[in-house]
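*Asks:* Sharing a sequence plus its predicted fold:
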Amino acid sequence: MKKTILLIFCLITWNLQAQTFQFAHIADTHVGGSTGAEDLQRTVDDLNQQPDIDFVILAGDVTEFGSATELYQAKEILSHLKMPYYVVPGNHDAKWSESGCNDFVRIFGSEGFTFEKNGILFIGTASGPNMRMAPGLVPREQIVYLDSILSGMKNPNQPIIFINHYPLDESLANWYEVTDLLKTRNIQLTLLGHGHNNKLFNFEGIPGVMGRSNLRAKEAIGGYNWVTVTADSITFAERNPGQKTAQPWCKLPLHRKKADADTTNWKRPDFSVNQKYNNIKINWLVEEKSDVGTAITTEKNRAIFANTKGEVVALSAKTGKTLWRFATGGKIYSTPAISNGAVVCASTDGNIYSLSLKSGQPIWKFETGKPIVASPAIDNGIVYIGSSEGKFRAINLANGQLIWQFDSVRNFVESKPLIENNQLFFGSWGNTFYALNAQTGTLVWQRQKHNNRMLSPAAVWPVAAHGKIFIVAPDRRMTALDARTGTEVWDSGSYSCRESIGISPDKALVFIKNMTEGKVMAFSTSGNEQKLVWECDANLGYEIGPSPITSNPKYLFVPTATGEMIAINQTSHEIVWRYKLTNALINGITPFGKKCVLATSLDGKIISLQFK
């Protein structure tokens, strides 16, 4: 009897030991920042001295700006690990990506991963926001990927650990979609970064463990988490490379049953505003199977946009029916331009395309040296567009031949240039705003305001009136520049704002979205000081979306980062209607006729709204 008990005890002990494993949870390495590379190298060296670590998970913000140089540097450092590693991108890898988020996939192999360890399924996805300043957003393709993995599980009760850079809360626009998918299976916990601190969350019963940043910050060295998984628990302890592993700061039960999980549901997005206004209706609604990072351009009943599947798409503006699709070799974040029967759009496959507006058939292709995320502007038969290779070009619309090239752009161009009085105006992510001669491409002037690259006036589509260029930037300032010299007419921080701006059809007023007070504001374009003409308390909340404000002679159309569209009467300055399409960024609102608008959202929705 004693021998039997001893045998059972030994078998149980062996089974527990067999299930025990350890891995490293790293987050927010920010390679490209001041100490990012050195801190990551120190962590890799430390991990290679730990024989008990089975693998490494890096939960996003691998780099500071998502550039190819930074991604290659991070990959080179990580390649020296003696154990497998798994990486997902974070917002810093996606928002400022010169390649339109293609370099991460090219260099690391994918944006997500799936693997098993001792019966536990690990699933990682990207989190966005890809290229656009907005709350995080798990891309549509990644939602499809997650759904396919979960629905294809042979054992629906298999325990799952989910990895994403963001918390599963309101900081992630489609958190509820991810949460609802995960709750269909035996989700144990989610690992994340983003907050740069060790912290435990509860996401509707799903434990969430945020790991500290690997950066040293104000300390001598950085750190990461050493994670120990046993048959019945998972434990997190912070380790400082080359020094010590602290006592565990978090211990969670493992292998809990789904039925034991907290069934509390957080409040989902509220679409009730759509029942409040009876002066608006949906003409049609289309949903893509990928994200859409462009606005719509219209011509002759055709509505043209592009998606992150790499397609330029033409819909009937009246019915929403697909008229044609043209596939490129990379994701597209370039809003198409239309002129003389041709659609011009750039792709992150490194090409600028001219397509027939009628059929979608290619007219010409212009090959560049890097992915293009900028939007073109067309004037007098010339296509003007920036690139990710430090160049700005003028191309003949008829035949695709280069007219001139400006080679001195600092960093990459994301925005659409403004053409005004034979000059081109645009910003770059090199902290510079440029004015070029439209005929020759020679530099007229340039303005550099800050040293911090994140404050660059790069996402704004500039507007102009009365000899002044108006911009807003991440420095939260509104600025008027003399169009001839680049001299500041005024540079105001009185009204917080970001990269969203617009101008009235008569060019008398310039509009901004107030970032913190939730207002839409109109300023006079004349005079040499910032003069507020009117404001509308639009209850925008914390508004960071960079999408341009548009208008027709009667109404102002305001896109938001939270999926809502707002129309304001330009005479009474009152809200005429509001419509919430989704919970993700609205890329742009395009007036179509007197009483219709077309719009796209970052999560792949395209809509036509009719209003009275």
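*Replies:* Thanks, I have it.
*Asks:* In terms of helices and strands, where is Ile77?
*Replies:* helix 68-78 (DSSP states H and E).
*Asks:* what comes into contact with whatever helix or strand comes next after that helix?
*Replies:* Sequence-wise, the next helix or strand downstream of helix 68-78 (DSSP H and E) is strand 85-88. Here strand 85-88 makes contact (Cβ atoms under 8 Å, 6 or more residues apart in numbering) with 55-60, 62, 78, 108, 111-113, 115, 122, 124-127, 163-165. Just so you know, the C-beta spots here come from the backbone N, C-alpha and C atoms, and that holds for glycine as well.
*Asks:* Sheet-wise, list the partners of strand 85-88 with their directions.
*Replies:* Strand 85-88 has its sheet partners listed here by DSSP bridges as strand 53-59 (parallel).
*Asks:* which other residues reach the partner strand?
*Replies:* 21-29, 47, 78, 81, 83-88, 90, 117, 122, 124, 163-165, 191-193, 211, 226.
*Asks:* 7 Å - rerun?
*Replies:* Residues outside strand 53-59 that contact it (Cβ atoms under 7 Å, 6 or more residues apart in numbering) are 21-27, 29, 47, 81, 83-88, 117, 163, 165, 191-193, 211.
*Asks:* how many neighbours does Ile332 have?
*Replies:* Per other Cβ atoms under 10 Å, the neighbour tally for Ile332 reads 30.
*Asks:* Does it belong to a helix, a strand or coil?
*Replies:* Here Ile332 is recorded as coil under DSSP: H, G, I helix; E, B strand; the rest coil.
*Asks:* Contact partners for the residue lying closest to it once chain neighbours are set aside?
*Replies:* Spatial nearest neighbour of Ile332, chain neighbours left out: Ala306 (3.7 Å); criterion: Cβ to Cβ, 6 or more residues apart in numbering. For Ala306, the contacting residues are 294, 312-313, 332, 334, 336, 345, by Cβ under 7 Å, 6+ apart.
*Asks:* My guess is Glu141 contacts Val292. True?
*Replies:* No: contact status for Glu141 versus Val292: not in contact, 11.7 Å apart, counting by Cβ atoms under 7 Å.
*Asks:* Could you list the domains of the protein?
*Replies:* Per automatic domain parsing, the domain ranges recorded for the chain read 18-260, 298-407.
*Asks:* before we move on, back to that, buried residues in the helix holding Ile77?
*Replies:* For helix 68-78, burial by neighbour count (16 or more other Cβ atoms under 10 Å) applies to 68, 70-71, 73-75, 77-78.
*Asks:* of the contacts of strand 85-88, buried ones?
*Replies:* 55-60, 62, 78, 108, 111-113, 122, 124-127, 163-165.
*Asks:* and which of the buried residues of helix 68-78 is nearest Gly518?
*Replies:* Relative to Gly518, the closest of the buried residues of helix 68-78 is Glu70; by Cβ to Cβ it sits at 35.3 Å.
*Asks:* what residues are up against that closest one?
*Replies:* 31-32, 63-64.
*Asks:* circling back: quick one, which of the contacts of strand 53-59 are buried?
*Replies:* Members of those classed as buried by 16+ other Cβ under 10 Å are 21-27, 29, 47, 81, 85-88, 163, 165, 191-193, 211.
*Asks:* mind listing which of those residues are in strands?
*Replies:* 21-26, 85-88, 163, 191-192 (DSSP state E).
*Asks:* What is the nearest of these to Ile149?
*Replies:* Ile163 (12.5 Å).
*Asks:* my guess is that closest one meets Gln188, correct?
*Replies:* No: using Cβ under 7 Å, Ile163 is not in contact with Gln188; the gap is 12.0 Å.
*Asks:* Could I get the full set of helices for the stretch 151-300 of the chain?
*Replies:* Taking DSSP state H, counting those that start in this stretch to define them, one finds helices in the stretch 151-300 of the chain at 175-182.
*Asks:* in it, what spans have low per-residue confidence?
*Replies:* Along the stretch 151-300 of the chain, segments meeting pLDDT under 70 span 256-263.
*Asks:* Just the element for the residue nearest to Ser494 when sequence neighbours are not counted, please.
*Replies:* Distances taken as Cβ to Cβ, 6+ apart place Gln530 nearest to Ser494, at 6.8 Å, with adjacent residues excluded. Using DSSP H and E, Gln530 is not contained in any helix or strand.
*Asks:* how far out from the middle of the chain is the helix or strand encompassing Arg447?
*Replies:* Counting by DSSP H and E, the element that carries Arg447 is strand 443-448. Mean-position distance between strand 443-448 and its chain equals 28 Å (Cα atoms, centre = their mean, to the nearest Å).
*Asks:* these two touch, right, Phe557 and Val597?
*Replies:* Yes: with contact defined as Cβ under 7 Å, Phe557 counts as touching Val597 (5.9 Å).
*Asks:* Find the residues that touch each one of the two.
*Replies:* Counting by Cβ under 7 Å, 6+ apart, the residues touching both Phe557 and Val597 are 589, 591.
*Asks:* For beta bridges, what are the partners of Ala237?
*Replies:* Trp226.
*Asks:* Could you pull up the residues touching it?
*Replies:* 225-226, 245-249.
*Asks:* Touching, Asn583 and Ser171? I think so.
*Replies:* No: the criterion here is Cβ under 7 Å, and Asn583 misses it with Ser171 at 11.9 Å.
*Asks:* higher neighbour count, these two?
*Replies:* Asn583 (24 against 14).
*Asks:* So that one versus Tyr176, what's the distance?
*Replies:* Using Cβ to Cβ, to the nearest Å, Asn583 is found at 8 Å from Tyr176.
*Asks:* and what of Gln188?
*Replies:* 19 Å.
*Asks:* Neighbour count for those two, which is higher?
*Replies:* Neighbours were counted for Gln188 and for Tyr176 using other Cβ under 10 Å; Gln188 has more, 24 against 19.
*Asks:* Okay, now the unreliable bits of the stretch 1-150 of the chain?
*Replies:* For the stretch 1-150 of the chain (pLDDT under 70), the answer is 1-18.
*Asks:* what ranges do the helices span in it?
*Replies:* Going by DSSP H, counting those that start in this stretch, the stretch 1-150 of the chain shows helices at 2-19, 36-47, 68-78, 91-95, 102-108, 140-151.
*Asks:* Now distance to Ile503 too, for the ones you listed, in CSV please.
*Replies:* Putting those into CSV (distance: least, Cβ to Cβ, whole Å) gives the following:
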stretch, distance to Ile503
helix 2-19, 64
helix 36-47, 40
helix 68-78, 36
helix 91-95, 26
helix 102-108, 33
helix 140-151, 32
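*Asks:* nearest to Pro548, of the ones you listed?
*Replies:* helix 91-95 (17.9 Å).
*Asks:* starting at the chain centroid, how far to the closest one?
*Replies:* 7 Å.
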